[in-house]
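After the sequence you'll find the predicted model.
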Amino acid sequence: MVALCWMDLVGDMAPWTKTRKNKWYYFDHRRRQHQCTQPQTGLAEETTQTISSNMASSHCNISPIIPIFVSFLLVVSSVSPVHSSQTDRPANQTFQPGEELEKLKMVRDHLQKINKPALKTIQSPDGDLIDCVLSHHQPAFDHPLLQGQKPLDPPERPTGHNPTGAVSEDYQLWSFSGETCPEGTIPIRRTTEEDVVRASSIQRFGRKARRHVRRDSSSNGHEHAVGYVTGDQYYGAKASINVWAPRVANQYEFSLSQMWVISGSFGDDLNTIEAGWQVSPELYGDNYPRFFTYWTTDAYQATGCYNLLCSGFVQTNSRIAIGAAISPTSSYKGGQFDISLLVWKDPKHGNWWLEFGSGVLVGYWPAFLFTHLRNHASMVQFGGEVVNTRPSGFHTSTQMGSGHFAGEGFGKASYFRNLQVVDWDNSLIPLSNLRVLADHPSCYDIQGGINNVWGNYFYYGGPGRNVRCP
């Protein structure tokens, strides 16, 4: 369930459900100076279950010798920004109108491929256009192995998972308009010319920039604070993550919090399935936290993409727009808003399904997209990541999570809670060997624990540049 939490005067933590009668919304006033209001409708629902914030926890210790493949993973599994071609353009380059017109034509041709005809278009308060596209016309069905097909019916969910299945809450900005997509369609965030032009090339738009991958986890400017499990066969993972709006210092950096489901040799054949929230000015053109997905089968070289920006992920839900802004968000010493994510492998067909929020199926990654993940995952990873471009020669001030260190705890630091994996029998089980790792702990850190309410959990994040992180 998507829940809001509050901290009372004596330090106890209690959740309550966000209700239609008492909605509250988030806007980034740094970008737009306006407020959205919504009529009060519906019935209020409250839960009064109290959760103690004085968590008697058994903290997970960082192994003194982190396996090499974990460090390697922390580099190659990053969903990195697509660097602008403007950074490579000589300062004295002459404007060539012919070349610019040709590029614009290529951009528009690409937009025709990924922006499908819409039965209806919804204007989001944040400026996005959400197109309602017939489900069998979505980008996934451009794939040769999916052409002429339609989305599959929902699979059997893992044992031990009890979703409500009800979409009773608005947690994306576009839904505040009160408009919905018609039955038989899915909502897709429309890609603009500006979105594509910010990429290094049209071919690489919506994908991770190719680069030589080193085994040093601190290379390439990617920094992490993560929890992970390895050494077994995994058929899915689940977690609840609170959502923040971290400050990102410049267009060429991002801040994200996500789950990775991983298999392969951590070379060119690395397979990953990824989902979470991210702030990426380069990909989206703003600083809103957005729900995103990613996948690759060759260590981010030529396959895969964000969201629905290529043929791959098949969306089945008419209420969730992948790539759209999430609202509300958590606030420091205030309300906490988290989302639940579940990824699991359908035992019958082998496809990997994604659930977001209160048991709402978003869609699936077809099994044929993958090599190693056709069978199972060999690692599951949870946590935060930022890109540090070292502006002006200093560490970036881009924040991870809430922008505060793990030690500040509930209401101040960001968290992952109720971490679970799916076993061979399609059952959700607790983690047995969670390890935590922060590769730049003076900039972003992590603290893990376990208790009866949150199960396996950790706090993570940080401000980036500070007196201990110059």
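Okay, I see it.

hey, where'd the helices end up in the stretch 101-250 of the chain?
Taking DSSP state H, counting those that start in this stretch, the helices of the stretch 101-250 of the chain run over residues 193-197.

just for it, where's the confidence low?
164-169, 209-219 (pLDDT under 70).

so where do the strands sit in the stretch 101-250 of the chain?
120-123, 129-134, 185-189, 222-234, 236-242 (DSSP state E, counting those that start in this stretch).

Let's have these in TSV, adding mean neighbour count.
No exception for glycine: its C-beta is placed from N, CA and C like everyone else's. What follows is the strands of the stretch 101-250 of the chain, written out as TSV (neighbours: other Cβ atoms under 10 Å):
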stretch	mean neighbour count
strand 120-123	15
strand 129-134	21
strand 185-189	25
strand 222-234	21
strand 236-242	25
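
Quick one: closest of the ones you listed to Gly462.
strand 222-234 (7.4 Å; Cβ to Cβ).

Can you tell me which helices and strands that closest one packs against?
If you count contacts as 3 or more Cβ pairs under 8 Å, 6 or more residues apart in numbering; DSSP states H and E, strand 222-234 packs onto helix 68-76, strand 377-387, strand 414-422, strand 435-438, strand 445-451, strand 455-461.

how about it as CSV, C-alpha atoms only?
The C-alpha trace of strand 222-234 is given here as CSV (Å, rounded to 0.1, in the frame of the first residue of the first chain):
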residue,chain,number,x,y,z
HIS,A,222,28.8,6.9,-10.6
GLU,A,223,28.5,6.7,-6.8
HIS,A,224,26.3,4.3,-4.9
ALA,A,225,24.8,3.4,-1.5
VAL,A,226,23.2,-0.1,-1.9
GLY,A,227,22.1,-3.3,-0.2
TYR,A,228,22.4,-6.5,-2.1
VAL,A,229,22.1,-10.3,-2.0
THR,A,230,23.9,-12.8,-4.1
GLY,A,231,24.9,-16.5,-4.1
ASP,A,232,21.5,-18.0,-4.8
GLN,A,233,18.9,-18.3,-7.6
TYR,A,234,16.3,-15.4,-7.5
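
what lines up beside it in the sheet?
Here strand 222-234 has these sheet partners by DSSP bridges: strand 377-387 (antiparallel), strand 435-438 (antiparallel).

Return the most buried member of these.
strand 377-387 (a mean of 26; mean count of other Cβ atoms under 10 Å).

Could I get the contacting residues of the residue nearest to the spatial centre of the chain?
The centre of the chain sits closest to Gly276, judged by Cα atoms, centre = their mean, with a distance of 2.1 Å. Contacts for Gly276 (Cβ atoms under 8 Å, 6 or more residues apart in numbering) come out as Ile241, Leu256, Ser257, Gln258, Met259, Phe291, Phe292, Leu341.

Just to check, Thr316 is in contact with Phe356?
No: taking contacts as Cβ atoms under 8 Å, Thr316 lies outside contact range of Phe356: 11.6 Å.

Tell me which of the two has more neighbours.
Phe356 (24 against 20; other Cβ atoms under 10 Å).

Show me what that one is bridged to.
Beta-bridge pairing of Phe356 under DSSP bridges involves Leu341, Val360.

List the contacts of it.
Per Cβ under 8 Å, 6+ apart, neighbours of Phe356: Ala275, Phe291, Ile320, Ile339, Ser340, Leu341, Val362.

Then Ser135?
Counted by Cβ under 8 Å, 6+ apart, Ser135 has contacts Lys150, Pro151, Gly184, Thr185, Ile186, Gln315, Thr316.

what number of residues lie near the second one?
Put plainly, it is Pro151. Neighbours of Pro151 (other Cβ under 10 Å): 18.

Look up phi and psi at the residue lying closest to it once chain neighbours are set aside.
Spatial nearest neighbour of Pro151, chain neighbours left out: Thr316 (4.6 Å); criterion: Cβ to Cβ, 6 or more residues apart in numbering. Main-chain torsions, Thr316, degrees, to the nearest 10: phi -120, psi -10.

ok, now how distant is Thr316 from Ser175?
17 Å (Cβ to Cβ, to the nearest Å).

Which pLDDT value does the model give Glu100?
You'll see Glu100 listed with a pLDDT of 82.

Could you tell me how far it is located from Gln112?
Counting by Cβ to Cβ - Glu100 and Gln112 are separated by 19 Å.

hmm, back to that, so of the contacts of Phe356, which two are at opposite extremes in space?
So, the contacts of Phe356 by Cβ to Cβ: farthest apart are Ile320 and Ser340, at 12.9 Å.

Find residues that contact each of these two.
Counting by Cβ under 8 Å, 6+ apart, the residues touching both Ile320 and Ser340 are Phe356, Gly357.

circling back to that earlier point, could the strands paired with strand 222-234 go into a markdown table alongside mean pLDDT?
As requested, the strands paired with strand 222-234 are exported to a markdown table (pLDDT from 0 to 100):
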| stretch | mean pLDDT |
| --- | --- |
| strand 377-387 | 97 |
| strand 435-438 | 98 |
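
Format the ones you listed as a markdown table; extra columns: distance to Ala225.
A markdown table is the format used below for the strands paired with strand 222-234 (distance: least, Cβ to Cβ, whole Å):
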| stretch | distance to Ala225 |
| --- | --- |
| strand 377-387 | 5 |
| strand 435-438 | 4 |
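
out of the ones you listed, nearest to Gln96?
strand 377-387 (30.7 Å).

tilt between the closest one and strand 455-461?
For strand 377-387 against strand 455-461, the angle by axes from the mean of the first three to the mean of the last three Cα atoms, to 10 degrees is 30 degrees.

Right, I'll leave it there.
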